[in-house]
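>>> structure here, sequence nowhere to be found:
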């Protein structure tokens, strides 16, 4: 800190010495205006950087601001404190733990000089003059633990000459010129002089010369060995700093395997029967989230803590790791599910727990953040289940770090801007609009940056607000939105069926402007999809600005950028863009980020979370992410949309199947949430099961169509028989799966998915010839037809008139080259949820097509769906409660 000449001299000596022996050394310069906080922040960054093996804080700290030196030196991580000045290293030295600490460099150099004499230290009488924390006190400890009998003297010692005369070994660090006289010294003693003092000398050009704390000229006549000043202890101090740095690097390499995390896993205590999910979650002792961050190689300044259990990770981590090779990329999907779900989230968590805690691989899970709608509605939480959970599950299922709330606010700001703009354009003249949009401030009118972009879009290359013609003013101020074309809806993260259709603008202040509108659930907002597909803050801002909210009466797309709201959206979303770090029950890391719907959006967690995780795990590690719904929906969109935009290429598909779901596809009775399973699902029925494996076969073929090996995870339930599980494994392999494995992770945690993890490891070593299903340059109708025929098994598609109009409109508006995101039921390969198995020969009806231009896809609507589900008769919130004394959440989730 600062620019002291003496400090710069010492630093340059150290840098030169490091360069001579091949140590990479850097000088971090902070200005003399630096605060204590500035210094501590810098130290925290170095503490967390695994590429730095040691660092020192050059004292004194030359700052205009008050800085507590003790606090600063103690902030240095003990394992990197190569100066040995922290209280922890001092404490270890005083206890004699010489092999587990760093010794201050000057005492260490003194000790090395004493050893070089060849004289045995043990049993000798040693005297240390001076008691400073840097030299005197640690010198005493060092001599003591090398078995000398040690006396410490100082300026207040009354019989100093007498004590010095007893010393076989004399170390002087008093800071007083020639304080120790030569005649005091015992003949034959070893004398180490640590002092550096300036005394007047008229013979020198500077008018002064450097002397030590010992009168050298007379002392050298009595001592057997004596260090000169300068040139004695000083160079040894620098040499010992180098030695300590090398020792630190050696300790690091002994402790850490290159490319392998040094991670603490939690050991599960399994119970039978398996307790409720929330009981398991709350019984687990979590690691502090900053420990998890450190274990996976994140630096302290890359982590923003939200309490003890969750944190945001800054995108600067991705920039720092940009040259790090990516790990293996695994996507978990499933067969066409029952309404109960078949355990994709549970399998995702079980697989990472197996790879990490049991096979000791670097592994990250990347999952979506759940909506509070299902959490309080009919489905409950989405943190996995049993002994395979993201924890704490109540945090995971509730607000987390507020990302969904940020999306709600941003989405509704756009909705408010749309209706406000229509209102103002209806009630004001062109000039009145212009005067308000570009007001005069202190007599000066100026376009904002976003207004300049609108002018450029209109082909008006002017920057002076006074230079626009009347026609240009009219073009600029009037978006001329056609209310009948508005596609942007308000959102809420609650299941509220009565907001599906509403009338807005009924207050007298709206002057008769009212229209039909609706609320969707927040996770269906295009902003959620934008968040999930962005690869950085700049990309997110551009996508937010491209979102199309309506068409003008001239048929031109109206964007959020036209509304002037892009910058405000980016501000609302600036924290949401950072992935959220959590952990599993067994202590493996998890990124929870974004939660787009898997029907009207692509149903995958964020590109950014995947990219950061792939860098952190390293070339031999694994990132396991999950695609929503069955393979025909979430996996297809993962490949054709997410991988297309991210540039990432998957290595393995894990396809989750259950005996229950396959029996349903074989013709079993309907499975309904909240209703006991019919007896057909509780008894062995190999014929029904074999027939239902047609769905498994088709989904395996769907995955292999993209050139990626498939491992089938058969999620076992207690009602499944060995014969049933064996049949599914057999038929899966016959259908072309790389392997098929029975899994018991729900009841056993990672242990129950070890075989699955080993199969995934083997599959990841095989070639992955990944390819997209279609070229985005194809016409919109052809892309839809390819998905319908190749993935669903349809014979053809039928576009209803509204859909046909949209194809024409979007092609004309320049959106025809976007990927396709099919919005259809997840309960069948077809558009009809009642058609189970693997239906073929059907015509897929496309009733409408909508555009998420900012996110970057068109989404055809297949069949009838609502995006705002309603609450059931008995919602999940009946079972959720808060203990007012302990503050613990109780309930099913």
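Here it is on my side, so go on. Quantities reported herein were computed from a predicted structural model and do not represent experimental measurements. Numbering: from 1, shown residues only.

>>> what number of residues lie near the closest residue in space to residue 625 that isn't next to it in sequence?
Nearest non-adjacent residue to residue 625, counting by Cβ to Cβ, 6 or more residues apart in numbering: residue 366, 4.2 Å away. Using the backbone N, CA and C atoms, a C-beta is placed for each residue, glycine as well. The tally of other residues near residue 366 (other Cβ atoms under 10 Å) stands at 31.

>>> just residue 554 next, same as before
Neighbours of residue 554 using other Cβ under 10 Å come to 7.

>>> how much space separates the nearest residue to it once chain neighbours are set aside from residue 468?
Once flanking residues are discounted, residue 554 sits nearest to residue 480: 6.8 Å by Cβ to Cβ, 6+ apart. In this view, residue 480 and residue 468 are 17 Å apart by Cβ to Cβ, to the nearest Å.

>>> how is this protein partitioned into domains?
102-234, 323-331+342-401+575-765, 404-446+479-572, 780-861 (the TED database).

>>> was I right to think residue 672 contacts residue 339?
Yes: counting by Cβ atoms under 8 Å, residue 339 is a contact partner of residue 672 at 6.5 Å.

>>> ok, those two, which is more surrounded?
Higher neighbour count among residue 672 and residue 339: residue 339, with 16 against 12, using other Cβ under 10 Å.

>>> what about that one, which SS state?
coil (DSSP: H, G, I helix; E, B strand; the rest coil).

>>> isn't it right next to residue 674, touching?
No: at 9.4 Å, residue 339 and residue 674 do not qualify as touching, with contact defined as Cβ under 8 Å.

>>> next SSE downstream of the helix or strand of the chain with the lowest mean pLDDT?
When the helices and strands of the chain are scored by mean pLDDT, DSSP states H and E, helix 372-376 comes last with a mean of 77. Later in the chain than helix 372-376, the nearest helix or strand by DSSP states H and E is strand 384-385.

>>> so what strands line up beside whatever helix or strand comes next after that following strand?
Remark: after strand 384-385, the chain's next helix or strand is strand 388-391, criterion DSSP H and E. Strand pairing for strand 388-391, using DSSP bridges, gives strand 384-385 (antiparallel), strand 580-584 (antiparallel).

>>> check which helices and strands the very next helix or strand once past strand 388-391 is in contact with.
Remark: after strand 388-391, the chain's next helix or strand is helix 393-397, criterion DSSP H and E. Under the contact criterion of 3 or more Cβ pairs under 8 Å, 6 or more residues apart in numbering; DSSP states H and E, helix 393-397 touches helix 277-283.

>>> list the buried residues for the helix it packs on?
Residues of helix 277-283 classed as buried by neighbour count (16 or more other Cβ atoms under 10 Å): 277, 278, 280, 281, 282.

>>> and the angle from the helix or strand containing the residue nearest to residue 625 to strand 580-584?
Element membership of residue 366, judged by DSSP H and E, is strand 363-367. Using axes from the mean of the first three to the mean of the last three Cα atoms, to 10 degrees, the inter-axis angle of strand 363-367 relative to strand 580-584 is 120 degrees.

>>> pick the most buried one from the domains of the chain.
Neighbour counts (mean count of other Cβ atoms under 10 Å) averaged over each of the domains of the chain peak at domain 323-331+342-401+575-765, with a mean of 23.

>>> show the end-to-end separation of that domain, please.
22 Å (Cα to Cα, to the nearest Å).

>>> same question for stretch 517-532.
26 Å.

>>> wasn't residue 26 part of a helix?
No: read with three-state DSSP, residue 26 is coil and lies in no helix.

>>> nearest to residue 240, of the domains of the chain?
domain 102-234 (4.2 Å; Cβ to Cβ).

>>> bridged to the residue nearest to residue 625, which residues?
Residue 366 has these beta-bridge partners by DSSP bridges: residue 591, residue 625.

>>> from residue 532, how far out is it?
Distance, residue 366 to residue 532, by Cβ to Cβ: 11 Å.

>>> name the residues contacting each of the two.
593, 605, 606 (Cβ atoms under 8 Å, 6 or more residues apart in numbering).

>>> of all those residues, which comes closest to residue 582?
Nearest to residue 582 among these, with distances taken as Cβ to Cβ, is residue 593, at 10.2 Å.

>>> right, and that closest one touches residue 581 too?
No: assessed by Cβ under 8 Å, residue 593 is found out of contact with residue 581, at 9.3 Å.

>>> quick one: residue 152 from residue 773, how far?
Plainly put, residue 152 is 80 Å away from residue 773 if you go by Cβ to Cβ.

>>> for residue 6, that is, sorry about that
69 Å.

>>> more crowded one of these two?
residue 773 (17 against 11).

>>> show me where the stretch 601-750 of the chain has helices.
Using DSSP state H, counting those that start in this stretch, the helices assigned to the stretch 601-750 of the chain run over residues 607-617, 636-637, 643-646, 659-665, 686-704, 722-734, 745-748.

>>> actually the stretch 151-300 of the chain, not the one I wrote
Counting by DSSP H, counting those that start in this stretch, the helices of the stretch 151-300 of the chain are 160-165, 216-219, 233-255, 277-283, 289-295.

>>> got the contact list for the first one?
For helix 160-165, contacts defined as Cβ under 8 Å, 6+ apart pick out 127, 129, 151, 153, 157, 170, 180, 181, 184, 185, 186.

>>> one more pass at 6 Å, please.
For helix 160-165, contacts defined as Cβ atoms under 6 Å, 6 or more residues apart in numbering pick out 127, 151, 153, 180, 184, 186.

>>> does residue 618 touch residue 257 like I think?
No: applying Cβ atoms under 6 Å, one finds residue 618 not in contact with residue 257, separated by 10.9 Å.

>>> which neighbours do those two share?
What both residue 618 and residue 257 touch, as defined by Cβ under 6 Å, 6+ apart, is an empty set.

>>> adding distance to residue 301, write the helices of the stretch 151-300 of the chain out as a markdown table.
Converted to a markdown table, these look like this (distance: least, Cβ to Cβ, whole Å):
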| stretch | distance to residue 301 |
| --- | --- |
| helix 160-165 | 49 |
| helix 216-219 | 48 |
| helix 233-255 | 20 |
| helix 277-283 | 30 |
| helix 289-295 | 11 |
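
>>> of all those helices, which lies closest to residue 566?
helix 289-295 (31.9 Å).

>>> returning to what we had before: quick one: closest of the helices of the stretch 601-750 of the chain to residue 109.
Going by Cβ to Cβ, the one of those nearest residue 109 is helix 607-617, 39.7 Å.

>>> and the contacts of helix 160-165, which is closest to residue 205?
residue 180 (28.4 Å).

>>> identify the bridge partners of that closest one.
residue 214.

>>> returning to that earlier point: centre of the chain versus the least confident helix or strand of the chain, how much separation?
24 Å (Cα atoms, centre = their mean, to the nearest Å).

>>> now swap in stretch 617-626 and tell me
The answer for stretch 617-626 is 13 Å, by Cα atoms, centre = their mean.

>>> cool, and stretch 46-55?
21 Å.

>>> pull out the buried residues from that stretch.
46, 47, 48, 49, 52, 53, 54, 55.

>>> pretty sure the last one contacts residue 47?
No: between residue 55 and residue 47 there is no contact, the gap being 8.7 Å when judged by Cβ under 6 Å.

>>> which strand runs longest in the protein?
Across the chain, the longest stretch assigned as strand under DSSP state E is strand 843-852.

>>> so where's the stretch 751-893 of the chain shaky on pLDDT?
Along the stretch 751-893 of the chain, segments meeting pLDDT under 70 span 865-869, 892-893.

>>> all strands for it, in order.
Using DSSP state E, counting those that start in this stretch, the strands found in the stretch 751-893 of the chain span residues 796-799, 843-852, 857-862, 881-882, 889-890.

>>> state the distance from the most far-flung residue of the chain relative to its centre to residue 218.
Computed with Cα atoms, centre = their mean, the maximum C-alpha offset from the centroid of the chain is found at residue 183, amounting to 67.8 Å. Here residue 183 is placed at a distance of 7 Å from residue 218 (Cβ to Cβ).

>>> what is the neighbour count of the closest residue to residue 59 other than its chain neighbours?
The shortest distance from residue 59 to any non-neighbouring residue, by Cβ to Cβ, 6+ apart, is to residue 69 (6.5 Å). Number of residues near residue 69 (other Cβ under 10 Å) recorded here: 14.
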